[in-house]
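Chemist: Show me how the following folds:
(one chain, ligands or ions: 1)
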Amino acid sequence: MTDTAHKPLLATVLGQQQERPPIWIMRQAGRYLPEYRETRARSKGFLDLCYSPDLAVEVSLQPLRRFALDAAIMFSDILVIPDALGQSVRFEVGEGPVLEPITPEGLGKLRPERVLDHLAPVLETLRRLRAALPPEKTLIGFCGSPWTVATYMIGGRGSTDQAAARLFALQHPQAFDKLIDILVQVSIDYLVAQFAAGADVVQLFESWALNLDEVAFAHQVIGPNKRIIEGVRARVPHAPIIGFPRGAAGNIAAYVAATGVNAVGLDYATPLGFARNSLPHTVAVQGNLDPLRLVAGGAQMEDRARQIIAAFADRPHIFNLGHGIVPQTPIEHVARLVDLVKNG
Ligand code: CP3
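Modeler: This next block holds a predicted model:
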């Protein structure tokens, strides 16, 4: 792992508060940038873009050329794991991801042993980014957390309530646990390989931590994330890890305490006072501007950004959105936000 002294974002993850919060933006490489759309048009499809290091390095660096962001995140997707396991995954324009839904009987067809070979191009993207980035920029790797990935593997597509996966967990508990075990194991191997390839920190995207009762939250979210973090740290001691349990709401303190994340991403629905009162000062917080405030710009964006910075002024804080940036975001608003966070 590299020297943290020159990397304000990594230092913040590790609990060292900075004078101003460092900033990166969830999904910062993406369709709001014309140069992303241009590179995407040159690729043979979204997964081809993820598996072509030349193109993936280019799109990872695009947002850093425009804005004074403190980190690059490798360009890939959380659904490369089911693809690597041998499940059929397609990205349809305007429709999002479409997978061939997995059944209890179909679990035996998954191929965990081929995952790292299949993801070798993503690890090559990380190595090239490491070489290309200036020393003060933090390099972020990531994977989807098992529950979130399982919602797509079981449901076959995104949904608002994840009913297919929630019911599968209740009606086929053994098959569900087997699927989660596979995802935990391959995620540990993948994240360890990401650190070896040059990642400074990794983020676990638990984008569907909502809609779960506390029993399901403990079983499906806390347990698997904790096992991944323990498994990674057994091989990469003190590995810096950001957890993003979107929608965890009242479960957030239990998630932080049990998983051992260094930093926790807060979604934009999390009240600032609640976060301040429920989370220990030793854990860095990340977030949590509503992405639509970045679309609107002006006072709607700036006043709230200042509130967020003020609320977390007494603890390590990484400024970010409370979920991914959306395609209709005006580029000038991103530039203004980064300037406000960096310079007041
Ligand atoms: O810049 C970055 O953050 C790096 C790349 C990245 C992508 N997806 C690229 C992408 C990251 C970190 C992700 C994470 C991801 N992917 C999540 C977790 C974060 C979140 O937003 O909750 C999830 C749930 C996915 C699954 C996924 N991938 C969906 C639901 C979709 C379609 C809807 C959408 O947001 O576009 C994707 C496609 C996707 N992943 C695109 C990009 C740039 C757009 C596809 C395209 O260019 O055609």
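
Chemist: Now do Val93, the pLDDT please.
Modeler: You'll see Val93 listed with a pLDDT of 80.

Chemist: how about the residue of the stretch 201-344 of the chain found nearest the ligand, what does it touch?
Modeler: Nearest to the ligand, among the residues of the stretch 201-344 of the chain, is Ser207, at 3.1 Å (C-beta to the nearest ligand atom). C-beta coordinates here come from the backbone N, C-alpha and C atoms, glycine included. Shown in contact with Ser207 (C-beta atoms under 8 Å, 6 or more residues apart in numbering): Ile78, Gly144, Thr148, Phe244, Arg246, His323.

Chemist: which outside residues touch stretch 221-232?
Modeler: By C-beta under 8 Å, 6+ apart, stretch 221-232 touches 145-147, 180, 183-185, 187-188, 191-192, 195, 202, 204, 206, 209, 212, 239, 241, 243, 245, 248, 251, 254-255, 258-261.

Chemist: Next, give phi and psi for the most centrally placed residue in the chain.
Modeler: Residue closest to the mean C-alpha point of the chain, counted by C-alpha atoms, centre = their mean, is Phe205 at 3.8 Å. Main-chain dihedrals, Phe205, degrees, to the nearest 10: phi -90, psi 110.

Chemist: Kindly state the pLDDT recorded for the nearest residue to it once chain neighbours are set aside?
Modeler: Nearest residue to Phe205, sequence neighbours excluded (C-beta to C-beta, 6 or more residues apart in numbering): Gly144, at 5.0 Å. The model reports Gly144 with a pLDDT of 98.

Chemist: same check, this time on Met1
Modeler: 49.

Chemist: picking that back up, taking the contacts of Ser207 one by one, which sit in helices?
Modeler: Here DSSP state H is the test, and the contacts of Ser207 give Thr148 as lying in helices.

Chemist: Sort out for me which of the contacts of Ser207 are in strands.
Modeler: Using DSSP state E, the subset of the contacts of Ser207 located in strands is Gly144, Phe244.

Chemist: Include distance to the ligand and neighbour count when you put the contacts of Ser207 into TSV, please.
Modeler: Below are the contacts of Ser207 laid out as TSV (distance: C-beta to the nearest ligand atom, whole Å; neighbours: other C-beta atoms under 10 Å):
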residue	distance to the ligand	neighbour count
Ile78	4	18
Gly144	6	24
Thr148	6	27
Phe244	8	26
Arg246	6	22
His323	6	22
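
Chemist: Could you pull out the helices in the stretch 201-344 of the chain for me?
Modeler: In the stretch 201-344 of the chain, the helices defined using DSSP state H, counting those that start in this stretch lie at 214-216, 223-235, 252-259, 272-278, 291-296, 298-311, 331-343.
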